[in-house]
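Student: here is the input, now give the coordinates:
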Amino acid sequence: MEKNENIEMITGDPKKAINKLSLPIIASMFLIFANNIIDSIWVAGLGAEPLAALGYTTPLFLIMVGFGNGLGAGGNSVISRYIGAEDKHSANNAAIHNLILSAVASIIITILFTVFLKPLLILMGATPVIDYAMEYGLIIFAWTFGLLMPPIVGGAFRAEGDIKRATIPIAIAAIINMILDPIFIYTFNMGIAGAAWATALGPFISLLVMFYWIFVKKDTYLSYNRKDFHNDLKMYKDILVVGIPASLEQLVLSVLTIFVNYMLTIVSGPMAVAVYTAGWRIVNIGMLPAIGVGTAAISVAGVAFGSRKYENLRVTARYAVKVALIASIIVCIILYVFANQIAFIFSYSESSADLAPSIASFLQIMCMFILYVPFGASAGNVFQGVGKGTISFVLTTFREFILVLIFAYLLGFVFNMGETGIYYGMLLGGGIGSLICYACIELYINRLIRSWDQQNEAKSSI
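Tutor: Prediction:
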């Protein structure tokens, strides 16, 4: 299998590979979340109701994006394992299957979300701001293909170690959105619909850039030529075995957000949802180092697993946690110290000024959530990298939808702590669940290494 600089990097020292892959991923993710923050900032200028509408729509938007990221993780896992096994023909074929799946998924999700958007929003408690939520959501989901396909195609680029091509289009999308937001919302007086159009057009342009590299320039390591494609239902299955559970993980997180929004609506009303929407987006930015390192670990773990270098798998899991935890501690301190200043960016207008103290308090509590993310994210992504997406999904579901939700309900309602109790419950459940996830990946890798050592001993004794 001919190799280039990227392939040499991804199949070499796991620590160096994680370092090289992580920083661009974190930078691109930062641009995505900064993009979302800027959406919130500009929409906040329209008042608390449009901002709350954005909060009700966000979980559904994240389900869509999460499905794209999930399929991207599935393609990344399968392709990187073939690269680790030095089977380039199968890697090419997997990349083409990955692209076909992204197109089919885009069509299905567009139909489902545009048809069922209003009843879903009403079910989530968005009735007080339903007009704003529908105005934003219908535009977003009509452009599903532009939002869904880039992370899937990017997963193939990450698998071959071509991190520049995986991240540059994301940067383009974010920058375009940032430029268009104030123009569409205020200059063209489009309101919340302007925010939706800006969000949709950026990723569509980035997708065109990706297609240019693949089908026009044709200088990627993986080949997308017709001669490389041989329809194989098993390959679709291999991608989906990781991709569907990874997508469902985001669905679990989004459903959790729906329940949290609903609980906050009961205890404090739409204003609490506005606070949670703004504050949680800041916390999400704080999670980026851990999520970025974990995303890099998918490719590195897949290559290690495909080449049967299981000790490299252990190095990948432990090093990912170490690097992500150091960065997360720094971010947590920054958010706690500068909570008031950060809160101001969501309360600059007269109609949203009352939100500032609540957002600052939220940040000083929930910044602690960031410290648990390295353990859960690294473990889950390594499981995805080795093709065990179902295990990652089960652990995420147990952590987020059972532990976090149960503790949030207990402290918020049973112990009558209200809004603050919900936040502390999320912290407690998330912390316990993340540590359990990391313990599971350590046990899994130890079992792999023991099994491999026993096989080698048996062969040597013959």
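Student: where in this structure is pLDDT low?
Tutor: Counting by pLDDT under 70, the chain shows low-confidence ranges at 1-3, 33, 36, 250, 346-352, 462.
Student: ok, longest helix in it?
Tutor: helix 418-461 (DSSP state H).
Student: now for that helix, which elements pack on it?
Tutor: The contact analysis (3 or more Cβ pairs under 8 Å, 6 or more residues apart in numbering; DSSP states H and E) places helix 418-461 against helix 233-268, helix 310-337, helix 356-366, helix 373-385, helix 389-396, helix 405-409. The way it works is simple: take the backbone N, C-alpha and C, and place the C-beta from them, glycine included.
Student: let me know the angle separating the helix or strand following the first one from helix 310-337.
Tutor: Following helix 233-268 in sequence order, the next helix or strand is helix 270-286 (DSSP states H and E). Using axes from the mean of the first three to the mean of the last three Cα atoms, to 10 degrees, the inter-axis angle of helix 270-286 relative to helix 310-337 is 130 degrees.
Student: buried set for helix 270-286?
Tutor: 270-286 (16 or more other Cβ atoms under 10 Å).
Student: the helix or strand residue 122 falls within to helix 233-268, inter-axis angle?
Tutor: Element membership for residue 122, per DSSP H and E: helix 88-123. Calculated by the same axes, to 10 degrees, helix 88-123 forms an angle of 30 degrees with helix 233-268.
Student: show me how far the helix or strand following helix 88-123 is from its chain's centre.
Tutor: Per DSSP H and E, helix 88-123 leads on to helix 130-142 as the next helix or strand towards the C-terminus. From the chain centre to the centre of helix 130-142 is a distance of 22 Å (Cα atoms, centre = their mean, to the nearest Å).
Student: and the contacts of helix 130-142?
Tutor: With Cβ atoms under 8 Å, 6 or more residues apart in numbering as the test, helix 130-142 has contacts from 49-50, 52-54, 56-57, 60-61, 64, 109-110, 113-114, 117-118, 121-122, 126, 147, 191-193, 195-197, 199-200.
Student: let's see the PyMOL selection covering just the buried ones among the residues you listed.
Tutor: Restricted to buried positions by 16+ other Cβ under 10 Å, the PyMOL selection for these reads:
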select buried, resi 49+50+52+53+54+56+57+60+61+64+109+110+113+117+121+126+147+191+192+193+195+196+197+199+200
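Student: what does residue 13 show for phi and psi?
Tutor: phi -60, psi 120 (degrees, to the nearest 10).
Student: look at residue 161 and tell me its secondary structure.
Tutor: Using DSSP: H, G, I helix; E, B strand; the rest coil, the secondary structure recorded for residue 161 is coil.
Student: separation between it and residue 303?
Tutor: Distance, residue 161 to residue 303, using Cβ to Cβ, to the nearest Å: 9 Å.
Student: quickly list what's touching both of the two.
Tutor: 10, 17.
Student: got the angle for the helix holding residue 122 vs helix 130-142?
Tutor: Going by the same axes, to 10 degrees, helix 88-123 makes 170 degrees with helix 130-142.
Student: what distance separates helix 88-123 from the centre of its chain?
Tutor: The answer for helix 88-123 is 16 Å, by Cα atoms, centre = their mean.
Student: and it, what other elements does it pack with?
Tutor: Using 3+ Cβ pairs under 8 Å, 6+ apart as the contact test, the elements touching helix 88-123 are helix 48-84, helix 130-142, helix 144-159, helix 233-268.
Student: OK, contacts around residue 344?
Tutor: Counting by Cβ under 8 Å, 6+ apart, residue 344 touches residue 356.
Student: I meant residue 262, not that one.
Tutor: With contact set as Cβ under 8 Å, 6+ apart, residue 262 has these partners: 124, 125.
Student: 10 Å - rerun?
Tutor: Listed by Cβ atoms under 10 Å, 6 or more residues apart in numbering, the contact partners of residue 262 are 56, 123, 124, 125, 273.
Student: residue 153 now?
Tutor: 68, 71-72, 75, 95, 98-99, 102, 165-166, 169, 206-207, 210-211, 213-214, 224.
Student: ok, back up a step: now the helices and strands packed on helix 88-123 as JSON lines including distance to residue 423?
Tutor: Shown next, in JSON lines, are those (distance: least, Cβ to Cβ, whole Å):
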{"stretch": "helix 48-84", "distance to residue 423": "15"}
{"stretch": "helix 130-142", "distance to residue 423": "24"}
{"stretch": "helix 144-159", "distance to residue 423": "29"}
{"stretch": "helix 233-268", "distance to residue 423": "9"}
